[in-house]
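Asker: have a look at this fold, sequence not included:
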């Protein structure tokens, strides 16, 4: 009986020593650091399209943001992420005198507005190029003067 | 130590959940682009005019004789654009005179065989908007007729010498 008791005690001591030894040497717990890059966009900047209409012309007029003197709107988005784009006229795709939506409207269509763009990171603005198309029948009887519309470009993320 | 690790783990879960929420596809960034178009005033000839050839002038008539164009001259201009028609006579002394309903004088028909023989006439444009020679464009789908006519006064007709070769070249200049 005595031998048996000693054996059990030794086992208990050994367990305590083992645990105490590990604590005294070094403890290097692993802490996982996880970073998540948000899929986002910001810093949208407006552009401009300015062009002349010769009402005596017979063909379509097709100005674009890529034409000399014009500027594409730009946006900065998370790199390589696709973001949906829409281009919407303020006045139902009509250029009007005074941008009032009603005075001497000239109908047009928006062409080439991208369905989506891929972000290039926040160090590089991504241009959103598109164009317009005006049919001769829509501008041949237009009044002389400035005709304006505002197109809102929206990037969803 | 286990408690500390546990707390960190809870914290990570909260942060990641927050990121996932922010990236939900409901946000957008938008900007405006201004489109400006300048419609310029422009004009072009719609139809080339002409007069009967030859005009038969009655030297015995006691009345002034007016001859309408056989084909009227028409002009297309930007809608609303005011334009004037300037008349120059090849054989008369009229140079860039504004064509009105009352007409431009100092026009002359000249005999090509006998250049010294001339007949004075007046060139009129009755299609003007205000009687002062101002026309208003109606766009490029609607041509504006000038309403051209030639008038020979009775006195000038009666004094004319008979020839069959009286001519003049009238130059019309559209100013807008």
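Answerer: That came in fine, so what should we check first? Nothing here was measured: the structure is a model prediction, and the numbers come from that model.

Asker: can we go C-alpha only for contacts and neighbour counts from here?
Answerer: Fine.

Asker: who's in contact with the longest strand seen in chain B?
Answerer: Taking DSSP state E as the criterion, chain B has its longest strand at strand B:28-39. Outside strand B:28-39, the residues that touch it by C-alpha atoms under 8 Å, 6 or more residues apart in numbering or on different chains are A:41-55, A:72-73, A:75, A:95, A:142-157.

Asker: helix or strand right after it?
Answerer: Downstream of strand B:28-39, the first helix or strand assigned by DSSP states H and E is strand B:43-47.

Asker: pull up the distance across stretch B:85-99, start to finish.
Answerer: 5 Å (C-alpha to C-alpha, to the nearest Å).

Asker: please apply the same query to stretch A:35-49.
Answerer: By C-alpha to C-alpha, the extent of stretch A:35-49 from end to end equals 41 Å.

Asker: quick one: the strands in the chain?
Answerer: In the absence of a named chain, chain A is used. So, for chain A - with DSSP E - the strands run A:41-45, A:48-53, A:74-77, A:82-89, A:94-95, A:106-107, A:109-111, A:116-118, A:121-127, A:131-133, A:145-156.

Asker: the intended chain is chain B.
Answerer: Under DSSP E, chain B gives strands at B:28-39, B:43-47, B:65-68, B:74-77, B:82-89, B:97-98, B:104-111, B:118-125, B:134-136, B:139-145, B:148-152, B:166-167, B:170-175.

Asker: buried ones in the longest one?
Answerer: Looking back up the chat, that one is strand B:28-39. Neighbour-count burial for strand B:28-39, counted by 16 or more other C-alpha atoms under 10 Å in any protein chain shown, picks out B:29, B:30, B:31, B:32, B:33, B:34, B:35, B:36, B:37, B:38, B:39.

Asker: contacting residues around the closest residue to residue B:165 other than its chain neighbours?
Answerer: Nearest non-adjacent residue to residue B:165, counting by C-alpha to C-alpha, 6 or more residues apart in numbering or on different chains: residue B:111, 5.2 Å away. Contact analysis of residue B:111 by C-alpha under 8 Å, 6+ apart lists B:117, B:118, B:163, B:164, B:165, B:166, B:167.

Asker: beta partners of residue B:111?
Answerer: Residue B:111 has these beta-bridge partners by DSSP bridges: residue B:166.

Asker: how confident was the prediction at it?
Answerer: Per-residue confidence (pLDDT) for residue B:111: 97.

Asker: equivalent analysis for residue B:29, please.
Answerer: Listed pLDDT for residue B:29 reads 89.

Asker: same question, residue A:29
Answerer: Predicted confidence (pLDDT) for residue A:29: 79.

Asker: for it, grab the count of nearby residues.
Answerer: Neighbouring residues of residue A:29 were enumerated by other C-alpha atoms under 10 Å in any protein chain shown; the total is 9.

Asker: kindly report the same for the one 10 residues further on.
Answerer: Using other C-alpha under 10 Å, the number of residues around residue A:39 comes to 20.

Asker: tell me the contacts of it?
Answerer: By C-alpha under 8 Å, 6+ apart, the contact list for residue A:39 reads A:77, A:78, A:81, A:157, B:23.

Asker: follow-up on the earlier one: just the strands of chain B: most buried one?
Answerer: Mean neighbour count (mean count of other C-alpha atoms under 10 Å in any protein chain shown) peaks for strand B:74-77 among the strands of chain B, with a mean of 25.

Asker: tell me which residues form a beta bridge with the most centrally placed residue in chain B?
Answerer: Centroid check for chain B by C-alpha atoms, centre = their mean gives residue B:77 as the closest residue, at 2.9 Å. Beta bridges link residue B:77 to residue B:43, residue B:139 when assigned by DSSP bridges.

Asker: what sits against it?
Answerer: Residues near residue B:77 by C-alpha under 8 Å, 6+ apart: A:56, B:41, B:42, B:43, B:44, B:136, B:137, B:138, B:139, B:140, B:143.

Asker: can you rerun that using 7 Å?
Answerer: Contact analysis of residue B:77 by C-alpha atoms under 7 Å, 6 or more residues apart in numbering or on different chains lists B:42, B:43, B:44, B:137, B:138, B:139, B:140.
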